[in-house]
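**Student:** only geometry, no sequence info:
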């Protein structure tokens, strides 16, 4: 004989998405642990390499300069979190060269790199490509968030008075 149940049945509340939100969160955690796929790497790389080419030829706007500097800052943030930590100085040199171009642009009106800056930035972006190949999505997002936080906090290059 069955034991009588004394509790009233109360169904658990169901969210709008049902169990899909839980499944989506688990899936996202798995994707965050995976590296970027080839298409994503190519799309991201094209943006800063094409912008560097514009800086090389003198056809660059501040937008192209900003794209390259953003990639360098993300690379620096990744190096600080031990993804290519031995190249941290290379990113600092590249950012110094990019800042020299920014300073010159205020006088000349166009963004051009000097030879040393061009070499340093090419080397740093090559390292950044390698970082992006081995980093997980979560690490890339964390580096981007760190750069955004630094900008919001005002930790950016400023011209000396």
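**Tutor:** Ah, there it is. Everything quoted here is computed from the prediction, not taken from an experiment.
**Student:** quick one: low-confidence ranges for this structure?
**Tutor:** 1, 12-33, 157-161 (pLDDT under 70).
**Student:** do that again at 50, thanks
**Tutor:** For the chain, applying pLDDT under 50 flags the ranges 160-161.
**Student:** grab the most central residue of it for me.
**Tutor:** What sits nearest the mean C-alpha location of the chain, by CA atoms, centre = their mean, is residue 144, with 3.9 Å.
**Student:** who's in contact with that one?
**Tutor:** 74, 77 (CB atoms under 8 Å, 6 or more residues apart in numbering). Glycine gets a C-beta too; all of them are placed from N, C-alpha and C.
**Student:** against residue 90, how distant is it?
**Tutor:** 20 Å (CB to CB, to the nearest Å).
**Student:** ok, back up a step: next, the buried residues of the helix or strand where the residue nearest to the centre of the chain lies.
**Tutor:** Element membership for residue 144, per DSSP states H and E: helix 137-153. By 16 or more other CB atoms under 10 Å, the buried positions in helix 137-153 come out as 137, 139-140, 142-143, 146-147.
**Student:** determine the angle, from 0 to 180 degrees, between the helix or strand containing residue 126 and helix 137-153.
**Tutor:** In this assignment (DSSP H and E), residue 126 forms part of helix 115-134. Computed by axes from the mean of the first three to the mean of the last three CA atoms, to 10 degrees, the angle separating helix 115-134 from helix 137-153 equals 140 degrees.
**Student:** same for helix 115-134, what does it pack against?
**Tutor:** helix 38-57, helix 62-80, helix 88-108 (3 or more CB pairs under 8 Å, 6 or more residues apart in numbering; DSSP states H and E).
**Student:** for that helix, buried residues please.
**Tutor:** For helix 115-134, using 16+ other CB under 10 Å, the buried residues are 117-118, 120-121, 124-125, 127-129, 131-132.
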